[in-house]
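Visitor: predicted structure and sequence below. I'll ask about it afterward.
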Amino acid sequence: MVDLTELMENEVFMAFASYTTIILSKMMFMSTATAFFRLTRKVFANPEDCAGFGKGENAKKYLRTDDKVERVRRAHLNDLENIVPFLGIGLLYSLSGPDLSTAILHFRLFVGARIYHTVAYLTPLPQPNRALAFFLGYGVTFSMAYRLLKSRLYL
Amino acid sequence: MVDLTELMENEVFMAFASYTTIILSKMMFMSTATAFFRLTRKVFANPEDCAGFGKGENAKKYLRTDDKVERVRRAHLNDLENIVPFLGIGLLYSLSGPDLSTAILHFRLFVGARIYHTVAYLTPLPQPNRALAFFLGYGVTFSMAYRLLKSRLYL
Amino acid sequence: MVDLTELMENEVFMAFASYTTIILSKMMFMSTATAFFRLTRKVFANPEDCAGFGKGENAKKYLRTDDKVERVRRAHLNDLENIVPFLGIGLLYSLSGPDLSTAILHFRLFVGARIYHTVAYLTPLPQPNRALAFFLGYGVTFSMAYRLLKSRLYL
């Protein structure tokens, strides 16, 4: 059997693994936030979910939408749309042998920007807080994509 | 050229590859399910999709939403929200040299939980079937994230 | 420290890295397209986003939905639903030692199909343009999943 620990001894890869695990855990927290607001505000999307809150027509009144729940769901979808590219591009970038301090700067800025984005979305903070957080994360991912394509393009 | 088969000779990595391929294929099946319900129930989101079912105003009546279609779409989005973290965290966990039987237990529980989640969502089964399936998959991913961060944190 | 450049010297992996970076960058462009249409058409989902366009009730009228914005959002979500499986299955397929020309054919067809899908969705082109683009990308991903499971199944 092969000793894969050599990959995990690579410092850039270990940093990527750490920051990715943190930001994916943060994204998973959005599911809990949605469930929390759905239960405390009694706002559901499925008839079977509100069966415990009443019978028949009485339960159906909880099949509704709510501003706060929709806000969390939009923040969650925005996370998905931005963390998926980071996941793919960041992994390949990490394996392309970048400078350690440059790589860690990218990872830190991205994770910081996405956490700030969530805070700005859920509080909500006035614009352009959320827009800036979004574009910072976006720019970091593009910067990694650019470096990857510049040095390793193979079509 | 490098012989990459060494990575594929690693048993944990091969198991991760197999279970991931299965669960991603299952997720792709949700697109087919949406298309199936859209066509059999004549429920569309785009004017160009219902052009074959009538002309002008006659076709526009198919631009509507449907409980069953929306249910499949919610199940699909929930898959995305949960399989993306599994993909990222599971890959890094697999490369961190975990115990083979522990790793396979994680993969099996996750794949089983997500298949059960889909069955519970589409049937639909009464709660807490779907909630339990969700939290089982969620817990498995967090367990992998915890082990990864505990042994390999590098910030 | 380990020299990871050996992975990046593998031609299949380099090709996967290049095509993946391109298609993920295209997907990220959808966020910009959504922002562009939201700003030019003054269509927003959050009260704080339209605060700059008026005060109080005057601003609230911009909290609405718009056909073009919803179309871009659907195209973006469809990208997510299809590019995530490509990312996971494609990565594992690339590491399983496939034939170089077969692998590149898969990557090119997928990237071409998804770009065509976006053009067909946003123009919009009459059906079955979009459906064909969708099923081509779908078929390519399944073909990689099939080859992976056939040669490396480990459950």
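Guide: That came through fine. Residues are numbered from 1 along each chain as shown, chains lettered A, B, ... in the order given.
Visitor: ok, A:Phe37 - contacts?
Guide: A:Phe37 makes contact with A:Val43, A:Asp66, A:Lys68, A:Val69, A:Val72 under the criterion CB atoms under 8 Å, 6 or more residues apart in numbering or on different chains. Glycine gets a C-beta too; all of them are placed from N, C-alpha and C.
Visitor: quick one: pLDDT of it?
Guide: Note for A:Phe37: predicted pLDDT of 85.
Visitor: how about the nearest residue to it, chain neighbours excluded?
Guide: With sequence-adjacent residues excluded and distances taken as CB to CB, 6 or more residues apart in numbering or on different chains, A:Phe37 is closest to A:Val69, at 4.9 Å.
Visitor: tell me how far the one you found lies from chain B.
Guide: The gap separating A:Val69 from chain B is 13 Å, by CB to the nearest CB, to the nearest Å.
Visitor: quick check, that residue in a helix?
Guide: Yes - A:Val69: assigned to a helix according to DSSP: H, G, I helix; E, B strand; the rest coil.
Visitor: neighbours around it, how many?
Guide: By the criterion of other CB atoms under 10 Å in any protein chain shown, A:Val69 has 20 neighbours.
Visitor: got it, and the one 3 residues further on?
Guide: Here the count is done by other CB under 10 Å, and A:Val72 has 23 residues near it.
Visitor: so A:Gly88 sits right up against C:Ser25, yeah?
Guide: No - if you go by CB atoms under 8 Å, A:Gly88 and C:Ser25 don't touch, sitting 10.2 Å apart.
Visitor: so the two - more neighbours on which side?
Guide: A:Gly88 (28 against 16).
Visitor: and that one, how far from C:Gly90?
Guide: 9 Å (CB to CB, to the nearest Å).
Visitor: what residues are shared contacts of these two?
Guide: Counting by CB under 8 Å, 6+ apart, the residues touching both A:Gly88 and C:Gly90 are C:Thr20.
Visitor: wait, a helix at A:Leu132?
Guide: Yes - the assignment for A:Leu132 by three-state DSSP puts it in a helix.
Visitor: residues near it, how many?
Guide: 14.
Visitor: same question for A:Pro128.
Guide: A:Pro128 has 14 neighbours, counted by other CB under 10 Å.
Visitor: do the same with A:Met27
Guide: 22.
Visitor: pull the CA atoms of stretch A:35-47 into CSV?
Guide: What follows is stretch A:35-47, C-alpha atoms only, in CSV (Å, rounded to 0.1, in the frame of the first residue of the first chain):
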residue,chain,number,x,y,z
ALA,A,35,-34.1,24.6,10.2
PHE,A,36,-34.0,26.9,13.3
PHE,A,37,-35.9,29.7,11.6
ARG,A,38,-38.4,27.3,10.1
LEU,A,39,-39.2,25.7,13.5
THR,A,40,-39.2,28.9,15.6
ARG,A,41,-41.3,30.8,13.0
LYS,A,42,-43.4,27.8,12.0
VAL,A,43,-42.8,28.3,8.3
PHE,A,44,-42.6,25.1,6.2
ALA,A,45,-42.4,24.0,2.6
ASN,A,46,-43.8,20.5,3.0
PRO,A,47,-47.1,19.3,4.4
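Visitor: phi and psi next, for the residue nearest to the spatial centre of chain A.
Guide: By CA atoms, centre = their mean, chain A has its centre lying nearest to A:Asp79, at 3.6 Å. Note on A:Asp79: its backbone torsions stand at phi -60, psi -50 [degrees, to the nearest 10].
Visitor: what about it, distance to C:Val72?
Guide: 18 Å.
Visitor: distance of the residue nearest to the centre of chain A relative to chain C?
Guide: For A:Asp79 relative to chain C (CB to the nearest CB), the value is 11 Å.
Visitor: same check on A:Thr40?
Guide: 21 Å.
Visitor: quick check: which element contains that residue?
Guide: In this assignment (DSSP states H and E), A:Thr40 forms part of helix A:11-41.
Visitor: what residues are up against the residue nearest to the centre of chain A?
Guide: A:Lys26, A:Met27, A:Met30, A:Arg114, A:His117, A:Thr118.
Visitor: where along chain A do the helices fall?
Guide: A:5-8, A:11-41, A:57-60, A:67-95, A:100-122, A:129-152 (DSSP state H).
Visitor: winner for burial among those helices?
Guide: helix A:67-95 (a mean of 22; mean count of other CB atoms under 10 Å in any protein chain shown).
Visitor: that one vs helix C:67-95, what angle?
Guide: Using axes from the mean of the first three to the mean of the last three CA atoms, to 10 degrees, one finds that helix A:67-95 and helix C:67-95 are set 40 degrees apart in direction.
Visitor: how big is the angle separating helix A:67-95 from helix C:11-41?
Guide: Angle of helix A:67-95 versus helix C:11-41, following the same axes, to 10 degrees, is 150 degrees.
Visitor: distance from helix A:67-95 to the middle of the chain?
Guide: What separates the centre of helix A:67-95 from the centre of its chain is 4 Å, taken as CA atoms, centre = their mean, to the nearest Å.
Visitor: go on, stretch A:60-72?
Guide: The answer for stretch A:60-72 is 22 Å, by CA atoms, centre = their mean.
Visitor: can you list the neighbours in contact with it?
Guide: For stretch A:60-72, the surrounding residues in contact (CB under 8 Å, 6+ apart) are A:30, A:33-34, A:37-38, A:41-47, A:50, A:53-54, A:121-122, A:124, C:45-46.
Visitor: distance across that stretch, terminal residue to terminal residue?
Guide: From its first residue to its last, stretch A:60-72 covers 22 Å (CA to CA, to the nearest Å).
Visitor: what's the answer for stretch A:33-47, then?
Guide: Stretch A:33-47: ends 20 Å apart by CA to CA.
Visitor: run the chain-centre distance for stretch A:86-97.
Guide: Worked out by CA atoms, centre = their mean, stretch A:86-97 lies 16 Å from the chain centre.
Visitor: CA atoms only: put that stretch into CSV for me.
Guide: Taking Å, rounded to 0.1, in the frame of the first residue of the first chain, the C-alpha atoms of stretch A:86-97 are listed here in CSV:
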residue,chain,number,x,y,z
PHE,A,86,-13.2,27.8,-4.7
LEU,A,87,-13.2,24.0,-4.0
GLY,A,88,-12.4,23.0,-7.5
ILE,A,89,-10.0,25.8,-8.5
GLY,A,90,-8.4,25.9,-5.0
LEU,A,91,-7.6,22.1,-5.1
LEU,A,92,-6.0,22.3,-8.5
TYR,A,93,-4.1,25.5,-7.5
SER,A,94,-2.8,23.9,-4.4
LEU,A,95,-1.4,21.0,-6.4
SER,A,96,0.2,23.2,-8.9
GLY,A,97,3.1,24.1,-6.5
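Visitor: any residue of it up close to chain C?
Guide: Yes - Stretch A:86-97 is in contact with chain C by CB under 8 Å from any CB of the partner chain, via A:Leu87, A:Gly88, A:Ile89, A:Leu91, A:Leu92, A:Leu95, A:Ser96, A:Gly97.
Visitor: before we move on, what about stretch A:111-128?
Guide: Yes - residues of stretch A:111-128 are located near chain C by CB under 8 Å from any CB, namely A:Pro124, A:Leu125, A:Pro126, A:Gln127.
Visitor: wait, what's in contact with the nearest residue to A:Tyr62 once chain neighbours are set aside?
Guide: Distances taken as CB to CB, 6+ apart put A:Cys50 closest to A:Tyr62, at 4.0 Å, once the chain neighbours are dropped. Going by CB under 8 Å, 6+ apart, A:Cys50 touches A:Lys42, A:Phe44, A:Ala59, A:Lys60, A:Tyr62, A:Leu63.
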